[in-house]
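Undergrad: Any chance you can model this:
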Amino acid sequence: MSHAIGLGPTLIVDDDASMLDRLTALLKTVEGTPPPLCARSVAEARRVLSDTPVLYTALIDLGLPDGNGVDIIAQLHNQRPEVNCVVISAWEEEATVLSALRAGACGYLLKERDDDELRMALQSISRGGASIDPFVARGILALISATTDITPPPSSGTETTGIDRMSQRETEILQLVARGHSNREIAGLTGLSRLTVESYTKSIYRKLAVSSRTAAVFEARMRGLLR
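TA: As a prediction, the model looks like this:
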């Protein structure tokens, strides 16, 4: 996100009018965030996007009347990767969460949380954080643990694992990403330029077949690349 404070121009996609009103009210409390644009379907969201040249943040429900919010996330990631996509949904199944993260979502919030919890999460996102509801995060970590127990990485010295395909520098940066450091912070810690760090992170995404920092960490843990 290129702006310093606030969520910037924001799109809310949700077919529940009361939720649109609730999120609009919450966004008023996040400094530097103008009144949001709203859409109640995939088709309407696409029309809004075609008419909106500048967008920083998208808060997207997944269960929409004419499709899945994951399709909007994937479109934004492919066409406008500068937009931070955050899921805000009642769905908390691990497969659904992973689908959204792999499509490019950088956060996942649950509608059932009270206003104070959602406000804090939105403020964290406005400062560059990647907010995932703790309940969702626990479910994903449990899934990762179960997957690792069932399918451990190959131990044969003749086989090549994902970590072997990454350079030492990529592995170092992946570890720092997993600890929650931004690209700017990683640049300071490693002595590299921010552009160089961004180049390394893009290479990591490509090798893990993901499209966001959060998904990269989850995928790396599921493959046993992070301990």
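Undergrad: contacts and neighbour counts: CA atoms only from here.
TA: Noted.
Undergrad: what domains does the record give for this protein?
TA: Using automatic domain parsing, the domains assigned to the chain come out as 10-134, 158-222.
Undergrad: Just name the most buried of those domains.
TA: When you average the neighbours per residue for each of the domains of the chain (mean count of other Cα atoms under 10 Å), domain 10-134 leads with a mean of 19.
Undergrad: show me where this protein has helices.
TA: Listed in chain order, the helices of the chain (DSSP state H) span 17-27, 42-50, 69-79, 94-103, 115-126, 134-150, 162-165, 168-178, 183-190, 194-208, 213-222.
Undergrad: Would you single out the least confident of the domains of the chain?
TA: Mean pLDDT values for the domains of the chain show the minimum at domain 158-222, a mean of 79.
Undergrad: so how far is it off the chain centroid?
TA: 15 Å (Cα atoms, centre = their mean, to the nearest Å).
Undergrad: One more: stretch 63-81?
TA: Centroid separation for stretch 63-81 versus its chain: 13 Å, with Cα atoms, centre = their mean.
Undergrad: Now do it: everything it contacts.
TA: With contacts defined as Cα atoms under 8 Å, 6 or more residues apart in numbering, stretch 63-81 is touched by 13-15, 40-43, 45-46, 60-62, 83, 85, 89, 99-100, 103-105, 211.
Undergrad: From I125, how far off is the one residue sitting closest to the centre of the chain?
TA: The centroid of the chain falls nearest to C106 when counting by Cα atoms, centre = their mean (1.1 Å). Applying Cα to Cα, to the nearest Å, the value for C106 to I125 is 9 Å.
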